[in-house]
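A.B. asks: structure for this input, please:
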Amino acid sequence: MTKVKGVILSVEDVILPKGKADAAIFSEVDKLIKFFRIKGIEFAIFTNRYWWVGSSKSPLENKLKERWGDFSYFCRETDRSIPPKPRASSTQHVIDKMGWKSQETIYIGASENDMQTAVNGNLLFLRSTWWADKTEYGFEFDSPRDIARYIDTFCLRDHLWCHEIHDGDFDFYALAPFSTFKAEYTLYSEDARSAAKHGLGHPDFWIGALVSSLYFSGIHTKINHIATYPGHREGAGNPIMDEAVSVFGKCFRKSYLQDLIIRHTTAPKSQTARNAGQTIGHLNQLNSIHLNKAPIKSNGNRYKNSPLSCGKTILVIDDICTRGYSLESARKYIEATGAKVISVSWLKTINSDIESLGDIGGFDPYQPNTFTTAPVSKTYPYRRNIVDHLAPGELTTQFSRYENWNWPDFT
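C.D. replies: Prediction:
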């Protein structure tokens, strides 16, 4: 399974600011480099222009190597064979020289130019703001420690997905099992439910786990747009995921269609309905959603025509999946436009099989519909589709360490 192998760091406002540097902040940058060394992560510094230090104008490269030991330093101004940022060929040059693959590389930058460089290179962009805050794009980190925690928690995992189903046009992924009763899953499951339903707990943990799994498994290269499944009440989008999913989409030029799936009628909460003895199935979802023909673009404007069509693939994200009623309903609506779907959920409820929908006939996906039947075409047994039994344990360990994470012992 792919995980981070190398990190490309920009100089300006990542390593040093223009002008005088704060010693306390730079000591944290020092720790970040030491962290890379301890974790066996290679790093390279990449800059378009020549940097010097002090009144003697000593080359920054020499000063940093005196401090950090040998590493690769790429400077366009002193080596014209290096393509300039923000061209896609610039990061590809670095990656090729370092012997990395793009999917195992992270870019840390601070400027608009850095953002464009990362996007053009199809790299996950982590935005440093400890010296200055210069762009709104990318995943924001206020300190080198926060970036180290993110990388240590999410980018060095060996087990990205616990559940996977791949059957024709049916593709489903889940990070880990969900259960508030089984001891080994309880710790993270209770937090995930709190985060998903109430915005409490640690939503940043679940977003980090999701985004890193999507990136390192390469799913981001297979999609054109992203959508989240709405809650049970009327409306669209997912307030817990909206911002982070939008940022992730912008990193790879994939539009986040926040209001693609519209909940036009409040649907009963599954747990509440079950407790009341009411039947829950695909119809509860099919008859309470429809698609928006003119969803909002990432820039705030609306599409004039639907962005969905044959040849497009939409990533649909939900928080906790039980039998797949929500994700399957979204899939049927989206497939009615000619597009394909990849379904992802944070967690998958234990011991519950997923039921895929069969033929529900022709219908207009852009308006409310009233279906009377929802035939199940296939049942996917819970245990048969566990692809990595070690994923839940790893997630538990990482979750336990996340809140109180600190720098490792550098002695």
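A.B. asks: tell me the domain ranges of the protein?
C.D. replies: With automatic domain parsing serving as the domain definition, the record reports that the chain contains domains spanning 6-155, 163-396.
A.B. asks: report the rounded mean pLDDT for the first one.
C.D. replies: Per-residue pLDDT values over domain 6-155 give a mean of 96.
A.B. asks: now swap in the longest one and tell me
C.D. replies: Rounded to a whole number, the mean pLDDT of domain 163-396 is 94.
A.B. asks: just how off-centre is the helix or strand containing Asp146 within its chain?
C.D. replies: Applying DSSP states H and E as the criterion places Asp146 in helix 144-150. Chain-centre distance of helix 144-150: 16 Å, with CA atoms, centre = their mean, to the nearest Å.
A.B. asks: helices or strands up against that helix?
C.D. replies: In terms of contact count using 3 or more CB pairs under 8 Å, 6 or more residues apart in numbering; DSSP states H and E, helix 144-150 is assigned the packing partners helix 23-39, strand 124-128, strand 139-141. C-beta coordinates here come from the backbone N, C-alpha and C atoms, glycine included.
A.B. asks: which of those sits most buried?
C.D. replies: When you average the neighbours per residue for each of the helices and strands packed on helix 144-150 (mean count of other CB atoms under 10 Å), strand 124-128 leads with a mean of 25.
A.B. asks: what about the residue of the chain most remote from its centre, helix or strand, and which?
C.D. replies: Taking CA atoms, centre = their mean as the measure, the residue most remote from the mean C-alpha position of the chain is Ser56, 44.2 Å away. With elements delineated by DSSP H and E, Ser56 resides in a region that no helix or strand encompasses.
A.B. asks: would you list the phi and psi of it?
C.D. replies: Here is the backbone geometry of Ser56 (degrees, to the nearest 10): phi -80, psi -10.
A.B. asks: what of Glu355?
C.D. replies: phi -110, psi 110.
A.B. asks: show me where the stretch 51-200 of the chain has its helices.
C.D. replies: Per DSSP state H, counting those that start in this stretch, the stretch 51-200 of the chain carries helices over the ranges 60-68, 88-98, 112-120, 144-150, 183-198.
A.B. asks: same list (the ones you listed) but as TSV, adding mean neighbour count and distance to Gly218.
C.D. replies: Compiled in TSV, these are given as follows (neighbours: other CB atoms under 10 Å; distance: least, CB to CB, whole Å):
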stretch	mean neighbour count	distance to Gly218
helix 60-68	15	31
helix 88-98	18	15
helix 112-120	21	17
helix 144-150	21	19
helix 183-198	18	24
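A.B. asks: distance to Ile41 added to those helices, as TSV?
C.D. replies: Formatted as TSV, the helices of the stretch 51-200 of the chain follow (distance: least, CB to CB, whole Å):
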stretch	distance to Ile41
helix 60-68	13
helix 88-98	11
helix 112-120	17
helix 144-150	10
helix 183-198	25
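A.B. asks: I'd like the next helix or strand past the one helix or strand Leu315 maps to.
C.D. replies: Under DSSP H and E, the secondary-structure element containing Leu315 is strand 313-321. Of the helices and strands lying after strand 313-321 in sequence (DSSP H and E), the nearest is helix 325-335.
A.B. asks: for that following helix, which helices and strands make contact with it?
C.D. replies: helix 282-286, strand 289-291, strand 313-321, strand 340-349, strand 354-357.
A.B. asks: these: which one's closest to Ser213?
C.D. replies: With distances scored as CB to CB, the stretch of these nearest to Ser213 is strand 340-349 (8.3 Å).
A.B. asks: so which of the helices of the stretch 51-200 of the chain is nearest Pro307?
C.D. replies: When those are ranked by proximity to Pro307, the top entry is helix 112-120, at 19.0 Å, counting by CB to CB.
A.B. asks: which residues does that closest one contact?
C.D. replies: Contact partners of helix 112-120, identified using CB atoms under 8 Å, 6 or more residues apart in numbering, comprise 10, 14, 48, 85-88, 90-91, 107, 109, 124-125, 127, 134-135, 137-138, 250-253.
A.B. asks: could you rerun that using 6 Å?
C.D. replies: By CB atoms under 6 Å, 6 or more residues apart in numbering, the residues outside helix 112-120 that reach it are Ser10, Lys85, Pro86, Ala88, Tyr107, Phe125, Thr135, Tyr137, Gly138.
A.B. asks: still on that earlier bit, distance check, the residue farthest from the centre of the chain against Trp405.
C.D. replies: Between Ser56 and Trp405 the distance, using CB to CB, to the nearest Å, works out to 39 Å.
A.B. asks: now Ile360
C.D. replies: If you measure Ile360 against Trp405 using CB to CB, the figure is 47 Å.
A.B. asks: higher neighbour count, the two?
C.D. replies: For Ile360 against Trp405, the residue with the higher neighbour count under other CB atoms under 10 Å is Ile360, and the figures read 20 against 15.
A.B. asks: what's near enough to touch the more buried one?
C.D. replies: Under the criterion of CB under 6 Å, 6+ apart, the contact list for Ile360 reads Phe371.
A.B. asks: that's a helix at it, yeah?
C.D. replies: No: counting by DSSP: H, G, I helix; E, B strand; the rest coil, Ile360 is located in no helix; its state is coil.
A.B. asks: quick one, phi/psi of it?
C.D. replies: Per degrees, to the nearest 10, the backbone of Ile360 is at phi -110, psi 10.
A.B. asks: try Arg384
C.D. replies: Here Arg384 shows phi and psi, under degrees, to the nearest 10, equal to phi -70, psi -20.
A.B. asks: that one and Glu164: what is the separation?
C.D. replies: When distances are taken as CB to CB, Arg384 and Glu164 turn out to be 11 Å apart.
A.B. asks: more neighbours: these two, which one.
C.D. replies: Taking neighbours as other CB under 10 Å, Arg384 and Glu164 compare with Glu164 leading, 15 against 9.
A.B. asks: find the nearest non-adjacent residue to the more buried one, please.
C.D. replies: Val387 (4.6 Å; CB to CB, 6 or more residues apart in numbering).
A.B. asks: for Gln258, same thing?
C.D. replies: Sequence neighbours aside, Gly237 is the residue nearest to Gln258 in space, at 4.5 Å (criterion: CB to CB, 6+ apart).
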